[in-house]
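**Student:** Fold the following, please.
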Amino acid sequence: MSDYIQSICDSYTQNPRAMTWMIVGGAGMGKMDTVRLIAQKLLGQQGMASGFKVLECGLTEEAKKKIQKEILEGRSVESISDEDKKSEITVEDIRQTMGFLSLKTSLPCKILVVSLAEQMNINAQNAFLKTLEEPFDKTLIFLLTENPARLLPTILSRCQKIYLHPMSVSELTTKINQDYPEEENAQWIAEVSDGMPGIANKIIQNNGVQLYERLKGFLIPLNQLNLSLVFSFSKEVSKDSVQWDLTIHFIQRFLNEQAFSNSLNEAQKYTKLYDWVQSLTRKSDSLYLDKAQVITDIILKISETLS
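**Tutor:** Got it, this is the predicted structure:
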């Protein structure tokens, strides 16, 4: 167990009180995994059911009505898509969460996790600040963020902070071998994960090796590309948020490798292409773009560059 995980657990066990921590790190750095390890140690596996809550962008009102309608009509609820989720955490989300923190419990503590805390709008942040100023007894709050600069300075000042940094390839390889002793591609996974344990876990748990091999077959000159297979692949991965995330990660890593391994003129082309991919994928979330079309457009753009 990492030193900071043990330190947080020991600190609370020795002096149970309200505590607020902020865990800062990029996507795939294992922020949620870190909190779950802390929660399991403090609450035990059984206590997780009633003493552990995650606050994140909830469903839109339209999505809620759609799900309620499907339940009332006796149909199974389809998987939740990104389009069904709100783009920000609202005051109402905060108010509902405070009910959880105010409940009495026989557990050692209650643990609230705010995932992507920077998605709280300004009103939600002000409402949340009141909880930090007057915390409930025996509660642990964890704010997980990729961009702390988007949070109010008054919130930042009330949090103890942990910064997660990428692991070395050897460190992550050792961790993968410990966590997944039957995994045969531990070192390769550590390398393509760029030292991020969260990405490594996604690759292992979601057939990421096979996904990478399929994607690599499309990163070829345009005149060699089978467009029908590209369309089929794009449609498939766009339906699964994890497959989508891994596909974008693999593409960005491929572009980085091309930029570093080519001449200066070629490197500039791939650097611009990397920036374009990054901008396009961000817009896909905020503008609800067709993700299958986004993947197709990216593959075609790379193929044109390779031609």
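**Student:** what ranges do the strands span in the stretch 151-300 of the chain?
**Tutor:** 160-163 (DSSP state E, counting those that start in this stretch).
**Student:** Show me where it dips below the pLDDT cut-off.
**Tutor:** 285-288 (pLDDT under 70).
**Student:** which residues in the stretch 151-300 of the chain form helices?
**Tutor:** Here the stretch 151-300 of the chain has its helices, by DSSP state H, counting those that start in this stretch, at 153-156, 169-179, 186-192, 197-205, 208-216, 227-238, 241-261, 264-286, 291-306.
**Student:** CSV for those, including distance to residue 56 and mean neighbour count?
**Tutor:** C-beta coordinates here come from the backbone N, C-alpha and C atoms, glycine included. Formatted as CSV, these follow (distance: least, CB to CB, whole Å; neighbours: other CB atoms under 10 Å):
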stretch, distance to residue 56, mean neighbour count
helix 153-156, 17, 13
helix 169-179, 25, 16
helix 186-192, 27, 20
helix 197-205, 15, 21
helix 208-216, 23, 16
helix 227-238, 21, 16
helix 241-261, 13, 18
helix 264-286, 14, 14
helix 291-306, 20, 19
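**Student:** closest one to residue 120 among those?
**Tutor:** When the helices of the stretch 151-300 of the chain are compared for distance to residue 120 using CB to CB, the nearest one is helix 153-156, at 8.7 Å.
**Student:** elements contacting the closest one?
**Tutor:** helix 122-133 (3 or more CB pairs under 8 Å, 6 or more residues apart in numbering; DSSP states H and E).
**Student:** Next, the buried residues of the helix it packs on.
**Tutor:** Using 16 or more other CB atoms under 10 Å as the burial criterion, the residues of helix 122-133 that qualify are 124-125, 127-129, 131-132.
**Student:** what does stretch 24-38 give?
**Tutor:** Quick answer for stretch 24-38 (16+ other CB under 10 Å): 24-25, 28-32, 34-38.
**Student:** Which two among these are spaced furthest apart?
**Tutor:** Maximum distance among those (CB to CB): 18.9 Å, for 28 and 38.
**Student:** follow-up on the earlier one: need the buried residues of stretch 24-38 in a markdown table (columns: distance to residue 108).
**Tutor:** Output for the buried residues of stretch 24-38, formatted as a markdown table (distance: CB to CB, whole Å):
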| residue | distance to residue 108 |
| --- | --- |
| 24 | 26 |
| 25 | 26 |
| 28 | 30 |
| 29 | 27 |
| 30 | 24 |
| 31 | 22 |
| 32 | 21 |
| 34 | 18 |
| 35 | 15 |
| 36 | 16 |
| 37 | 15 |
| 38 | 12 |
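**Student:** Quick one, which of those residues has the minimum pLDDT?
**Tutor:** Across the buried residues of stretch 24-38, the smallest pLDDT goes to residue 28, namely 75.
**Student:** residue contacts, the closest residue to residue 176 other than its chain neighbours?
**Tutor:** Nearest non-adjacent residue to residue 176, counting by CB to CB, 6 or more residues apart in numbering: residue 186, 4.2 Å away. By CB atoms under 8 Å, 6 or more residues apart in numbering, the contact list for residue 186 reads 173, 176-177, 180.
**Student:** on that earlier part again, export the helices of the stretch 151-300 of the chain to a markdown table and tack on distance to residue 113?
**Tutor:** Output for the helices of the stretch 151-300 of the chain, formatted as a markdown table (distance: least, CB to CB, whole Å):
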| stretch | distance to residue 113 |
| --- | --- |
| helix 153-156 | 15 |
| helix 169-179 | 21 |
| helix 186-192 | 26 |
| helix 197-205 | 15 |
| helix 208-216 | 25 |
| helix 227-238 | 28 |
| helix 241-261 | 19 |
| helix 264-286 | 21 |
| helix 291-306 | 27 |
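**Student:** quick one, which of these is nearest to residue 88?
**Tutor:** Nearest of the helices of the stretch 151-300 of the chain (CB to CB): helix 264-286, 10.8 Å.
**Student:** From the chain's centroid, how far away is that closest one?
**Tutor:** 20 Å (CA atoms, centre = their mean, to the nearest Å).
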